[in-house]
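Participant: okay, predicted coordinates and the sequence, questions at the end:
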Amino acid sequence: MQFQPFPKLSRLSTSCIITEKLDGTNAQIVISEATSEDMDMTNETIAVVNGLALRAGSRSRWITPGKATDNYGFAAWAERNAPELAKLGLGQHFGEWYGHGIQRGYGLGERHFALFNSERWGPHNPQTPNCVQVVPVLHKGAFSDADIEEAMCDLRMNGSRMVDGFMNPEGIVVYVHSARSLFKKTFEYDLGKWQEAA
């Protein structure tokens, strides 16, 4: 029998970031050094910009522009915005593709891509592409149940922070630094004090 060590425990007294959970479809931009296959566009690459290959993905697969190969037009949007998206640099960049015709729709006539990593992207980083948004931060600091409940109450009472005036937000995402994990809490499926404010 192979030895299995006990997993390392994460500290509960830690810091966290609470952001608004957007209700769209999971999307990603993956940027790598371009290979000859990428240059020939014989794989799932959607664009090559300054020696960088850009790919678009959904939660579970690569996507490319086209009626049968895209996911709500995200790959086509990424292809059109490839020069700007290349500013993200090498790596895998996750976000939510949301707006018109996707899940809640948020009362929008268009669609947007909001990056999840609010510590890396946003107004504080001049490399943030102009064509993207960043999920709104509701709390940054110590992890506590009170802050989670306060974030939920705020969304319930004041509506979405992403789309001003939209009064049916989905919930929150909590990134716990010590665990390096994401957790979600939504109005439809989780119970909490925020319901008293409804």
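Facilitator: Cool, got the structure.

Participant: residues touching residue 93, list them.
Facilitator: Under the criterion of C-beta atoms under 8 Å, 6 or more residues apart in numbering, the contact partners of residue 93 comprise 28-31, 115, 117. Just so you know, the C-beta spots here come from the backbone N, C-alpha and C atoms, and that holds for glycine as well.

Participant: by neighbours, which of those wins?
Facilitator: residue 29 (26 neighbours; other C-beta atoms under 10 Å).

Participant: spatially central residue in this protein, please.
Facilitator: Centre of the chain computed as the mean C-alpha position; nearest residue by C-alpha atoms, centre = their mean is residue 95, 2.5 Å away.

Participant: which SS class is that one?
Facilitator: What DSSP: H, G, I helix; E, B strand; the rest coil gives for residue 95 is strand.

Participant: mind listing the residues bridging to the nearest residue to it once chain neighbours are set aside?
Facilitator: Excluding its sequence neighbours, the residue lying closest to residue 95 (C-beta to C-beta, 6 or more residues apart in numbering) is residue 115, at 4.3 Å. With DSSP bridges applied, the residues forming beta bridges to residue 115 are residue 95, residue 134.

Participant: my guess is residue 115 contacts residue 136, does it?
Facilitator: No. Counting by C-beta atoms under 8 Å, residue 115 stays clear of residue 136, with 11.6 Å between them.

Participant: relative to residue 14, how far out is residue 181?
Facilitator: Distance of residue 181 to residue 14, given as C-beta to C-beta, to the nearest Å: 11 Å.

Participant: er, residue 64 I mean
Facilitator: The gap separating residue 64 from residue 14 is 40 Å, by C-beta to C-beta.

Participant: more crowded one of those two?
Facilitator: Neighbour totals were compared for residue 64 and residue 14, and residue 64 leads with 19 against 12 (other C-beta under 10 Å).

Participant: spit out the contact partners of the spatially closest residue to that one that is not a sequence neighbour.
Facilitator: Counting by C-beta to C-beta, 6+ apart, the nearest residue to residue 64 once its immediate chain neighbours are dropped is residue 75, at 5.2 Å. Contacts for residue 75 (C-beta under 8 Å, 6+ apart) come out as 46, 56, 63-66, 69.

Participant: quick one: which of those residues has the most company?
Facilitator: Counting by other C-beta under 10 Å, top hit in these: residue 56 with 28 neighbours.

Participant: residues contacting that residue?
Facilitator: Taking C-beta under 8 Å, 6+ apart as the criterion, residue 56 is in contact with 27-30, 46, 62-64, 74-75, 78-79.

Participant: hey, which helix is longest across this structure?
Facilitator: Across the chain, the longest stretch assigned as helix under DSSP state H is helix 145-158.
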